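# here is my input; please provide its structure:
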Amino acid sequence: MGKIILFSSRAAAVLFFVCFGFPRVVLASDNLVANPSLEIANATGNAPADWAQEIAGSNDAVFSYPSTGARDGARSVIISISQRTSGSADLATAPISVTAGKTYLFQNYYKSSAETETDVEFQTADGNLSWKWLGNNPTSADWKAASYTFTVPVGITKIRIYQALAATGYLQTDGYSLLEVVVDGPIVANNVPNASLEQTDAGGAPLAWNNDNWGTNTQVFTYDNSGYEGNHSVKVRLTEWTSGDARWYFDHREIQGGQYYFLTDYYKSNVATDVYVQTINAAGQVNHLWLGSPAASTSWAKFSAAVFLPEDVVKYTILHTISKVGYLSTDNYSFKPLANAAFNRGIVSIVFDDGLANVYQNALPIMNQYGFKSTQYIVSGAIGSQTKLDLPAMTKAQISTMYKGGHEIGSHTVNHPDLTSLNTAKLNSELSNSKKTLDVSYSPVNNFAIPFGRYNDTVIAAAKKYYGSARTSDGGENTLIGFDQYRLKTQYVVNTTTLAEVESWLAQAAQDKAWLIILYHNVADGGSYEYTATKQAFSDQLAAIKNSGLPVLTVRQALNEIKLQLPL
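Numbers count the residues shown, from 1 in each chain. Predicted coordinates:
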């Protein structure tokens, strides 16, 4: 356990807070807010001196300055809005002189009947303004503290801070303070020291962070004055590479083994990279657990993965590495214990690729018998034709009937090509134009199936621009650990699939509390098309699904349920 000690030269008492993993933090300055308890009235007597009452947008905000009911002293300010179309109202501090690069703690007390937000306005020496959102504050019938820390960006000389009301209701405020924060060690958040890389050591480097490389490569490490959030991130650029990798990493932290953890970080890169957990066990042995290879992203992207740390692990760090000529920036790390290792329940989805006519003619009546709804991944350029598929496709009227009956419509491209063989323009055209066509009649079309199951990082990155999920043909079930909505796994049915196989998939999904996606193409008797289930086989398989007790959800419904269970 660490201890945070708050000192204020104007305070008569010293406050102690116990917080796991935090260093000692000293609030070294006087309160920088003028008229902080709002007790001094201005010349008119109807508002506090050194404060600005501001209204933006279209609303009927009213300010009052009562002399009773305050938290600190006799006076407070109340903002009331009874009608609002847009905008907000706020009580803002007078401009406060600050030092760029310093960290400050802001706090005020409030009551409100609606959620409010706290913001800081930055001002440069030549008067240019910018703003930073500090956070939202929940409603509270009793006095509640709103507290935020922030670091002043380079070039900023003054700030103003305000709590804004942007809804009908009221906000009452009082008891303001702004103090400079001096930290004598790294702040640890979610098991990561200096997780957002905002703390700088005496040499101008990120506090509690290191960099190194192995193999044969030429690397340049920088500590940048920009980031996903805040003012800093770390970057490594490889200008030459033969072998090995380079990486930034934080000081090894003590950790409890024998449980699952969930990692997130934010990154930018122009090449694919790799992420590892480096562990040290009680005997001093070093091991590496590979977590994934996030695709290149020139804008900030989130990487996340779950990992089980063996029981003998006592320390760890995260290695987000680059092993190609290019660059990698990272920021905002988190490594939190994962409370659950499985979904709340097992789920099964029945999906069809291609939109073949026999699905409407033969599969739909059987699904109706059981009350099951499916997800139909449609090749938009083949609707009503046989020109782009092995078998005739459904007509637009048939697809519409299924859609109106509760079946989900997903995208399966325009022409069903091998997406890995296309250039960037054609790849984006196949994905965007299919969605555009299907959205006209079946919106929202948010889920996508990859033709032939052939994909790479480029295909996945393109799919993310247009869809909320991508389903592969990779075999297996989808579990909480390692869940990836852009690489959904499936078990697909062909003409040799037995009922026992389907029953085993269902039993495993129920046991693992996993999401099972069963993929069909065609339901018909006769013919030599490999991806076919006979009408009797399909009926028997649906009976097995019914008997399993697993809920049958469309892909959209399953994702909506699962997303609520994913770690943040």
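
# give me the below-cutoff pLDDT ranges for this structure.
Within the chain, the segments meeting pLDDT under 70 span 1-29, 183-184, 568.

# which stretches in the stretch 451-568 of the chain count as strands?
Ranges of strands in the stretch 451-568 of the chain, per DSSP state E, counting those that start in this stretch, are 469-475, 488-492, 515-520, 522-523, 532-533.

# same question, the stretch 201-350 of the chain
Taking DSSP E, counting those that start in this stretch as the test, the strands found in the stretch 201-350 of the chain are 209-214, 217-224, 233-241, 245-250, 253-254, 259-269, 274-281, 286-292, 297-309, 313-322, 326-337, 347-354.

# and the fourth one, which strands flank it?
It stands for strand 245-250. Sheet pairing of strand 245-250 (DSSP bridges) gives strand 209-214 (antiparallel), strand 313-322 (antiparallel).

# chain center to the host helix or strand of S177: distance?
S177 is part of strand 169-183, with elements assigned from DSSP states H and E. Shown here is strand 169-183, whose average C-alpha point lies 29 Å from the average C-alpha point of the whole chain (CA atoms, centre = their mean, to the nearest Å).

# packing partners for it?
For strand 169-183, the contact count by 3 or more CB pairs under 8 Å, 6 or more residues apart in numbering; DSSP states H and E identifies strand 25-27, strand 77-81, strand 88-93, strand 103-112, strand 156-165 as packing neighbours. In this view, the C-beta of every residue, glycine as well, is placed from N, C-alpha and C.

# go through the ones you listed and name the closest to A41.
Each of the helices and strands packed on strand 169-183 was checked against A41 via CB to CB, and the shortest separation belongs to strand 77-81, namely 11.2 Å.

# next, the angle strand 169-183 makes with that closest one.
Strand 77-81 and strand 169-183 meet at an angle of 130 degrees, taking axes from the mean of the first three to the mean of the last three CA atoms, to 10 degrees as the criterion.

# and strand 77-81, C-alpha only, in PDB?
As requested, the backbone C-alpha atoms of strand 77-81 are provided in PDB (Å, rounded to 0.1, in the frame of the first residue of the first chain):
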ATOM      1  CA  VAL A  77     -24.000  29.800  -7.500                       C
ATOM      2  CA  ILE A  78     -27.000  27.900  -9.000                       C
ATOM      3  CA  ILE A  79     -27.600  27.500 -12.700                       C
ATOM      4  CA  SER A  80     -31.100  26.500 -13.800                       C
ATOM      5  CA  ILE A  81     -32.200  25.500 -17.300                       C
END
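
# from the chain's centre, how far out does that strand sit?
34 Å.

# strand partners of it, parallel vs antiparallel please.
Applying DSSP bridges, strand 77-81 is found paired with strand 62-64 (antiparallel), strand 169-183 (antiparallel).

# mind listing residues that contact it?
Among residues not part of strand 77-81, those counted as contacts by CB atoms under 8 Å, 6 or more residues apart in numbering are 38, 47-48, 51, 53, 59-66, 89-91, 165, 167-174.

# tell me the angle of it relative to strand 103-112?
Using the same axes, to 10 degrees: strand 77-81 against strand 103-112 is 60 degrees.

# the chain should start at 199 in everything you say after this.
Right, with 199 as the first residue, what we last looked at is strand 275-279.

# that older thread, tabulate the strands of the stretch 649-766 of the chain (TSV), appending distance to S746 and mean neighbour count.
Rendered in TSV, the data for the strands of the stretch 649-766 of the chain read as follows (distance: least, CB to CB, whole Å; neighbours: other CB atoms under 10 Å):
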stretch	distance to S746	mean neighbour count
strand 667-673	19	19
strand 686-690	13	21
strand 713-718	9	24
strand 720-721	20	26
strand 730-731	17	22
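
# distance to E628 added to the strands paired with strand 443-448, as TSV?
As requested, the strands paired with strand 443-448 are exported to TSV (distance: least, CB to CB, whole Å):
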stretch	distance to E628
strand 407-412	39
strand 511-520	30
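
# which of these sits most buried?
strand 511-520 (a mean of 22; mean count of other CB atoms under 10 Å).

# how distant is that strand from the center of its chain?
Centroid separation for strand 511-520 versus its chain: 21 Å, with CA atoms, centre = their mean.

# circling back to that earlier point, export the strands of the stretch 649-766 of the chain to CSV and tack on distance to H450?
Formatted as CSV, these follow (distance: least, CB to CB, whole Å):
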stretch, distance to H450
strand 667-673, 35
strand 686-690, 34
strand 713-718, 36
strand 720-721, 55
strand 730-731, 54
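
# how about those strands, which one is nearest D551?
Across those, the minimum distance to D551, taken as CB to CB, is reached by strand 713-718, at 6.4 Å.

# report the angle between the strand holding S375 and strand 354-363.
Computed with the same axes, to 10 degrees, the direction of strand 367-381 lies at 150 degrees from that of strand 354-363.

# top helix in the chain by residue count?
Once the chain is assigned using DSSP state H, the helix that runs over the most residues is helix 622-640.

# now V612, what's its secondary structure?
Recorded secondary structure, V612: coil (DSSP: H, G, I helix; E, B strand; the rest coil).

# skip the chain neighbours and tell me the closest residue to it.
When the adjacent residues along the chain are set aside, V612 lies closest to G579, with 4.2 Å between them (CB to CB, 6 or more residues apart in numbering).

# neighbours around the one you found, how many?
By other CB atoms under 10 Å, 19 other residues sit near G579.

# you'd agree it is in a helix?
Yes: secondary structure of G579, determined by three-state DSSP: located in a helix.

# okay, the closest residue to N566 other than its chain neighbours and A339: tell me how far apart.
Of all residues not flanking N566 in the chain, G603 sits nearest, at 8.0 Å (CB to CB, 6+ apart). Noted for G603: a distance of 47 Å to A339, by CB to CB, to the nearest Å.

# so between the two, which is more surrounded?
Counting neighbours by other CB under 10 Å for G603 and for A339 shows that G603 has the greater number, 12 against 8.

# any idea how far P563 is from the more buried one?
Using CB to CB, which is the criterion applied here, G603 is 12 Å from P563.

# hang on, the earlier thing: out of the helices and strands packed on strand 367-381, the one nearest G425 is which?
strand 301-310 (14.6 Å).

# helices or strands up against that closest one?
Using 3+ CB pairs under 8 Å, 6+ apart as the contact test, the elements touching strand 301-310 are strand 314-322, strand 327-335, strand 338-349, strand 354-363, strand 367-381.

# partners of the closest residue to W249 other than its chain neighbours in the sheet?
Using CB to CB, 6+ apart and skipping the chain neighbours, the partner closest in space to W249 is L289 (5.8 Å). L289 forms beta bridges with Q251, Q361, as assigned by DSSP bridges.

# what of the one 5 residues further on?
Residues found in beta-bridge contact with I294 (criterion: DSSP bridges) are I357.

# ok, it touching L376?
Yes: with contact defined as CB atoms under 8 Å, I294 and L376 form a contacting pair (6.4 Å).

# who has more neighbours, those two?
L376 (22 against 18).

# from memory that one sits against V231, does it?
Yes: when contacts are counted by CB under 8 Å, L376 is listed as touching V231 (5.1 Å).

# overlap in contacts of these two?
Going by CB under 8 Å, 6+ apart, residues that sit against L376 and also against V231 are T291, I294.

# quick one: residues contacting Y684.
With contacts defined as CB under 8 Å, 6+ apart, Y684 is in contact with I658, A661, K662, S667, A668.

# meant to ask about T337
S310, S311, A312, E313, G367.

# now rank those residues by neighbours and give me the top one.
For the contacts of T337, the largest neighbour count, defined by other CB under 10 Å, is 23 neighbours, found at S310.

# what bridges to it?
With DSSP bridges as the rule, S310 is bridged to S338, L369.

# with that, I have no additional questions.
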